[in-house]
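*Asks:* here are the coordinates; sequence isn't available:
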Ligand SMILES: *[C@@H]1O[C@H](CO)[C@@H](O)[C@H](O)[C@H]1NC(C)=O
Ligand SMILES: *[C@@H]1O[C@H](CO)[C@@H](O)[C@H](O)[C@H]1NC(C)=O
Ligand SMILES: *[C@@H]1O[C@H](CO)[C@@H](O)[C@H](O)[C@H]1NC(C)=O
Ligand SMILES: *[C@@H]1O[C@H](CO)[C@@H](O)[C@H](O)[C@H]1NC(C)=O
Ligand SMILES: [Zn+2]
């Protein structure tokens, strides 16, 4: 009956369309068959239909804000959780994926929020390499370029030492702290490489991948990224390195434990070289299987390298589906092992953890997988918070860039976010989640360019590609700001709207490490706590004047 009523109303509405509200026309919802409209409506109204419900909710929020004391203690530990491609729409849709509109992901309970601007020196919309340089070393640079200033172009074979940027992991090492990197992608991929590599091009991950111009030039100083992970000064000090990507560490004639050959052509086995090098200074272990991680004895391990796949780690949904949980670690497993390794250090630690496949799923228009990877990312953050003390550990959660992913239409409350939101003017259903571009185009339109129908069965498929307006083999990033969520000492520094490169400098400020530490220590003694947020720009200007002064001397 209800459905019928809605339907007649919709028809009537078309007849009088373009009436009172042209911008928010009543959508033509012939409610999708999976929605039990009456049920949902009445249950929500019983609670949310009263003034008190909303007033209490608002008052509780304000009470929490008033309670929160600003923590201005020196941070002993810093953890940066980077959700690659974790746009704000992805965060919102993941709440639905985990149970409903009111769900809060763990990092949404953090004490302070801000927004970061993600453009790079030469691009409005950035990639993961230039953004990694910004959020790890505090300097914006060029698209595809890692750990080098924008003076260096992405195909350049040479650079000066003064063009090198160092990440906050190096700043931490210089201050005697332990460091580590964790990712679900190849360990030589852009985000983790931002912590240790200096490469004009992010794709130069093994010797054969370096451009022929730079490989054959006599003056080239290009070294592949996998090699840099074994021999760069900062990489040599990493206590824990966990991710995927054996393909860039082995020669084409050598196989990993799972029988997959490498891509190097220089005859080197960099995993063996890593073991030899680190065993000179401590006890080093190499893991390739989840069971080894589960049985990790941190007292017997000084350096840990884990590479669990030939390429990226598998999507969590595929691991679960193929029943590979005993073999393939998930982000929570990697995070647990890394924190166990680093917690034993007296001077504290700095850890980078990347949920790297949120981005890959979006590039394929696999909306379900992207939300599932985000859910796992949130669980890893929750675990990190449980394993550390928030009085002395600053956790910052952010993203490198957004994606052209929208959460749209006027779906009813509690509607399954992975399904349809209504019908278009063509009377065909459209999804709540869709993309401005990407490979999903092929299933959005039929061969005549007419929007294709969707069947209920489609939606249970875990690799379903969601609709895309422009055909592109890989969906693109987007240019709007990303969220920054902070908890722990000095988390209030992360309030407001700022450039992405402020993030590592503010984190370093909280721990009193890095190039700004001395200046900051002097200034804080004269500043009141409440002025904390305004100290940063003043200090940066002060720092600039000081360095100009140094140059003149
Ligand atoms: C290195 O610095 C020198 C002196 O400033 C400059 O002439 C040269 O072009 C620089 N090289 C590169 C590759 O940027
Ligand atoms: C580069 O090296 C080759 C062989 O070592 C040599 O013949 C050639 O002259 C060099 N070119 C330059 C520009 O130095
Ligand atoms: C490494 O691979 C190259 C081919 O890519 C091969 O010519 C060479 O013999 C291999 N080296 C070793 C030590 O296996
Ligand atoms: C679209 O698919 C649904 C479900 O399979 C079906 O009921 C409907 O008739 C189809 N619509 C068109 C226009 O083909
Ligand atoms: Zn991407």
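*Replies:* Thanks, I have the structure now. Keep in mind the model is a prediction, meaning the values are calculated, not measured. Numbers count the residues shown, from 1 in each chain. Ligands and ions are numbered 1, 2, ... in the order given.
*Asks:* For the stretch 1-150 of the chain, give me the ranges with low pLDDT.
*Replies:* Counting by pLDDT under 70, the stretch 1-150 of the chain has low-confidence residues at 1-40.
*Asks:* all helices of it, in order?
*Replies:* 2-15, 37-48, 51-67, 88-97, 128-137 (DSSP state H, counting those that start in this stretch).
*Asks:* These: which one's closest to ligand 3?
*Replies:* Comparison of those against ligand 3 by C-beta to the nearest ligand atom identifies helix 128-137 as nearest, at 26.2 Å. All C-beta atoms are positioned from the backbone trio N, CA, C, and that covers glycine.
*Asks:* Tell me the helices and strands packed up against the following helix or strand past the closest one.
*Replies:* Note on helix 128-137: by DSSP states H and E, the next helix or strand toward the C-terminus is helix 168-174. Counting contacts by 3 or more C-beta pairs under 8 Å, 6 or more residues apart in numbering; DSSP states H and E, helix 168-174 packs against strand 77-83, helix 128-137, strand 178-186, helix 233-236, strand 349-355, helix 502-511.
*Asks:* Quickly find the element holding the closest residue to ligand 3 within the stretch 151-300 of the chain.
*Replies:* Closest contact between the stretch 151-300 of the chain and ligand 3, by C-beta to the nearest ligand atom, is at residue 267 (3.1 Å). Under the criterion DSSP H and E, no helix or strand holds residue 267.
*Asks:* Verify the stated contact: it with residue 252.
*Replies:* No: using C-beta atoms under 8 Å, residue 267 is not in contact with residue 252; the gap is 9.4 Å.
*Asks:* If you count surrounding residues, which of those two has more?
*Replies:* Neighbours per residue (other C-beta atoms under 10 Å) separate residue 267 from residue 252, with residue 252 holding more: 14 against 10.
*Asks:* Bridging across strands, which residues link to the residue nearest to the more buried one when sequence neighbours are not counted?
*Replies:* Residue nearest to residue 252 in three dimensions, not counting chain neighbours: residue 261, with 5.7 Å by C-beta to C-beta, 6 or more residues apart in numbering. Under DSSP bridges, the beta-bridge partners of residue 261 are residue 255.
*Asks:* burial count for residue 261?
*Replies:* Around residue 261 there are 15 residues (other C-beta under 10 Å).
*Asks:* so the closest residue to residue 171 other than its chain neighbours is in which element?
*Replies:* If the residues on either side of it in the chain are set aside, residue 171 comes closest to residue 514, at 3.4 Å by C-beta to C-beta, 6+ apart. Here residue 514 sits in a region with no helix or strand, counting by DSSP H and E.
*Asks:* check contacts around residue 514.
*Replies:* Residue 514 sits next to 168, 171-172, 174-175, 504-505, 508 when contact means C-beta atoms under 8 Å, 6 or more residues apart in numbering.
*Asks:* Quickly find the element holding the closest residue to residue 470 other than its chain neighbours.
*Replies:* Excluding its sequence neighbours, the residue lying closest to residue 470 (C-beta to C-beta, 6+ apart) is residue 437, at 3.9 Å. Secondary structure from DSSP H and E places residue 437 in strand 433-438.
*Asks:* I figured residue 268 hits residue 253, correct?
*Replies:* No: if you go by C-beta under 8 Å, residue 268 and residue 253 don't touch, sitting 11.0 Å apart.
*Asks:* Next, count neighbours for residue 509.
*Replies:* Close neighbours of residue 509, defined as other C-beta under 10 Å, add up to 26.
*Asks:* Next, find the distance separating it from ligand 3.
*Replies:* 47 Å (C-beta to the nearest ligand atom, to the nearest Å).
*Asks:* my guess is that residue meets residue 492, correct?
*Replies:* No: the pair residue 509 / residue 492 is not scored as a contact, 11.7 Å apart, by C-beta under 8 Å.
*Asks:* just to revisit the earlier point, could the helices of the stretch 1-150 of the chain go into a markdown table alongside distance to residue 151 and mean neighbour count?
*Replies:* Formatted as a markdown table, these follow (distance: least, C-beta to C-beta, whole Å; neighbours: other C-beta atoms under 10 Å):
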| stretch | distance to residue 151 | mean neighbour count |
| --- | --- | --- |
| helix 2-15 | 59 | 12 |
| helix 37-48 | 56 | 12 |
| helix 51-67 | 44 | 10 |
| helix 88-97 | 33 | 21 |
| helix 128-137 | 13 | 30 |
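*Asks:* Export those to CSV and append columns for distance to ligand 3.
*Replies:* Below are these laid out as CSV (distance: least, C-beta to the nearest ligand atom, whole Å):
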stretch, distance to ligand 3
helix 2-15, 64
helix 37-48, 60
helix 51-67, 59
helix 88-97, 40
helix 128-137, 26
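*Asks:* possible to save the ones you listed as CSV with distance to residue 111?
*Replies:* Listed next are these as CSV, based on distance: least, C-beta to C-beta, whole Å:
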stretch, distance to residue 111
helix 2-15, 43
helix 37-48, 26
helix 51-67, 9
helix 88-97, 17
helix 128-137, 20
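*Asks:* Could you grab the helix/strand/coil label for residue 221?
*Replies:* Using DSSP: H, G, I helix; E, B strand; the rest coil, the structure places residue 221 in coil.
*Asks:* Where does pLDDT dip in this structure?
*Replies:* Looking at the chain by pLDDT under 70, you get 1-40, 518-553.
*Asks:* Show me which residues of it sit near ligand 3.
*Replies:* Of all the residues in the chain, those in contact range of ligand 3 (C-beta under 6 Å from any ligand atom) are 251-253, 265, 267.
*Asks:* How about the backbone phi and psi for residue 406?
*Replies:* phi -120, psi 160 (degrees, to the nearest 10).
*Asks:* And it, how far from residue 469?
*Replies:* The gap separating residue 406 from residue 469 is 10 Å, by C-beta to C-beta, to the nearest Å.
*Asks:* between those two, what contacts are shared?
*Replies:* Here residue 406 and residue 469 share the contacting residues 434-436, scored by C-beta under 8 Å, 6+ apart.
*Asks:* ok, the residues you listed vs ligand 3, which is closest?
*Replies:* Set against ligand 3, the nearest of the shared contacts of residue 406 and residue 469 by C-beta to the nearest ligand atom is residue 435 (38.3 Å).
*Asks:* Contacts only, for that closest one.
*Replies:* Going by C-beta under 8 Å, 6+ apart, residue 435 touches 362, 365, 403-406, 466-469, 475.
*Asks:* So for the protein, which residue is the most central one in space?
*Replies:* residue 83 (1.4 Å; C-alpha atoms, centre = their mean).
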